[in-house]
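Colleague: Kindly generate the corresponding structure for this input.
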Amino acid sequence: MLRHAEHVMGTVFSFAVRDADDRTPAALDAAVARLHELDRRFSPFRPDSDVSRVNAGELTPDQARGELAQVLARCRETAAQTDGFFTERPDGRTLDPSGWVKGWAVAEASRILAEAGSADHCVGGGGDLQTLGGPWRIGIADPEDAGRLKAVVEGSGLAVATSGTGERGAHITDPHTGRPVHGGWLSLTLVSETAGVARTDAWATAVFAMGPERGFRWAHRRPEVEALAVLPDGSLRCTPGFPRYLADTATADPGTYHAPAPAGGTGA
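Modeller: Take a look at the predicted model:
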């Protein structure tokens with residue numbers, strides 16, 4: 001298996017390619033280059049990015065062309081799908097489409113590997129993963145102890161996205177109040193076989209902002225996704241269909257899944 005880790009977008013992107021051949025190294029180089037390109041173009045922290053140009057008044061969203069226009073369109077679609085709990089302006093003023101771009105970057109890297117012939121790989125970045133082929137076993141980290149796993153997801157062709165406080169603290173904002181989300185849950189994981197990692201990631205951000213009760217009502221209405229939440233007391237709650245993705249479903253309850261002992265490794 002060919003593995004690689006790349007520091008970009010303020011996090012680590014990981015690659016695991018089971019069916020690597022002589023085309024894979026060049027494809028991996030292209031995927032990594034694409035990640036850095038998206039960071040240069042869409043990071044709100046780079047003064048020369050398209051996003052920063054909008055924030056500086058050098059470009060208006062209506063003047064945006066190409067991929068920036070596509071990103072903003074996807075953000076608006078996600079906002080409509082989530083009752084406004086997703087936004088490309090988390091503070092109400094400054095453009096920051098990172099909630100879409102990070103998952104899209106994972107999807108782009110996976111696409112490049114697939115176009116080079118890989119049919120069995122896993123790409124992850126900042127809590128989001130896209131698998132092709134499989135099955136793959138994916139660990140869901142304990143948000144209170146990064147060295148432990150709360151559960152292990154297993155499946156083929158899965159998009160898995162986790163939002164929460166584990167890596168960056170309370171950084172998700174409720175667009176309706178403008179304040180960081182606190183206390184509702186520690187982390188939320190969405191799994192989808194059809195939505196793709198970009199959309200699954202954006203939905204996870206929005207659902208986390210909704211809080212558990214509203215968030216689970218939303219998830220129950222979306223047949224494309226299943227949800228698993230870590231609550232403040234450390235217990236787990238899931239949608240009825242989530243247990244089919246768990247590596248060990250023998251003791252799974254449709255409403256609450258009690259995770260087995262932490263397993264070793266992720267994305268392998």
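
Colleague: Apart from its chain neighbours, what residue comes closest to G241?
Modeller: E226 (4.5 Å; Cβ to Cβ, 6 or more residues apart in numbering). (Glycine included, C-beta is placed from N, CA and C.)

Colleague: what residues are up against P175?
Modeller: Applying Cβ atoms under 8 Å, 6 or more residues apart in numbering to P175 gives the contacts G84, F85, F86, T87, R89, P90, G92, A209.

Colleague: From P90, how far off is it?
Modeller: 7 Å (Cβ to Cβ, to the nearest Å).

Colleague: and what of G241?
Modeller: For G241 relative to P90 (Cβ to Cβ), the value is 30 Å.

Colleague: quick one: which of those two has more around it?
Modeller: P90 (23 against 15; other Cβ atoms under 10 Å).

Colleague: Grab the nearest non-local neighbour of the more buried one.
Modeller: Here the nearest residue to P90 in space, its sequence neighbours aside, is T173; by Cβ to Cβ, 6+ apart that works out to 4.5 Å.

Colleague: how about low-confidence regions in the stretch 101-250 of the chain?
Modeller: Applying pLDDT under 70 to the stretch 101-250 of the chain flags the ranges 165-171, 178, 183, 248-250.

Colleague: In the chain, where's the longest strand?
Modeller: Of all segments of type strand in the chain, defined using DSSP state E, the longest is strand 145-155.

Colleague: Which parts of the chain are strands?
Modeller: With DSSP E as the criterion, the chain has strands spanning 2-8, 11-17, 121-125, 128-132, 136-142, 145-155, 159-164, 173-174, 179-180, 187-192, 225-230, 236-238.

Colleague: Alpha carbons of the second one, in PDB - could you do that?
Modeller: Same thing as strand 11-17. Output in PDB follows, covering the C-alpha atoms of strand 11-17 (Å, rounded to 0.1, in the frame of the first residue of the first chain):
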ATOM      1  CA  THR A  11      -4.500  20.300   8.700                       C
ATOM      2  CA  VAL A  12      -3.100  17.000   7.400                       C
ATOM      3  CA  PHE A  13      -4.400  15.300   4.400                       C
ATOM      4  CA  SER A  14      -3.700  11.500   4.300                       C
ATOM      5  CA  PHE A  15      -3.600   9.200   1.300                       C
ATOM      6  CA  ALA A  16      -3.700   5.400   1.300                       C
ATOM      7  CA  VAL A  17      -3.700   3.600  -2.100                       C
END
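
Colleague: outside of it, which residues touch it?
Modeller: 1-7, 24, 28, 31-32, 35, 102, 105-106, 109, 113, 118, 120-126, 167, 267-268.

Colleague: ok, of these, which come out buried?
Modeller: 2, 4, 6, 24, 28, 31-32, 35, 102, 105-106, 109, 113, 118, 120-126, 167, 267 (16 or more other Cβ atoms under 10 Å).

Colleague: how much space is there between the residue of the chain most remote from its centre and V191?
Modeller: Taking Cα atoms, centre = their mean, the residue of the chain most remote from its mean C-alpha position is E58, at 30.2 Å. Using Cβ to Cβ, one gets 40 Å for the distance from E58 to V191.

Colleague: do the same with P243
Modeller: P243 is 11 Å from V191, by Cβ to Cβ.

Colleague: Can you add distance to E67 and give the contacts of P175 back as JSON lines?
Modeller: Shown next, in JSON lines, are the contacts of P175 (distance: Cβ to Cβ, whole Å):
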{"residue": "G84", "distance to E67": "24"}
{"residue": "F85", "distance to E67": "24"}
{"residue": "F86", "distance to E67": "19"}
{"residue": "T87", "distance to E67": "19"}
{"residue": "R89", "distance to E67": "18"}
{"residue": "P90", "distance to E67": "20"}
{"residue": "G92", "distance to E67": "24"}
{"residue": "A209", "distance to E67": "25"}
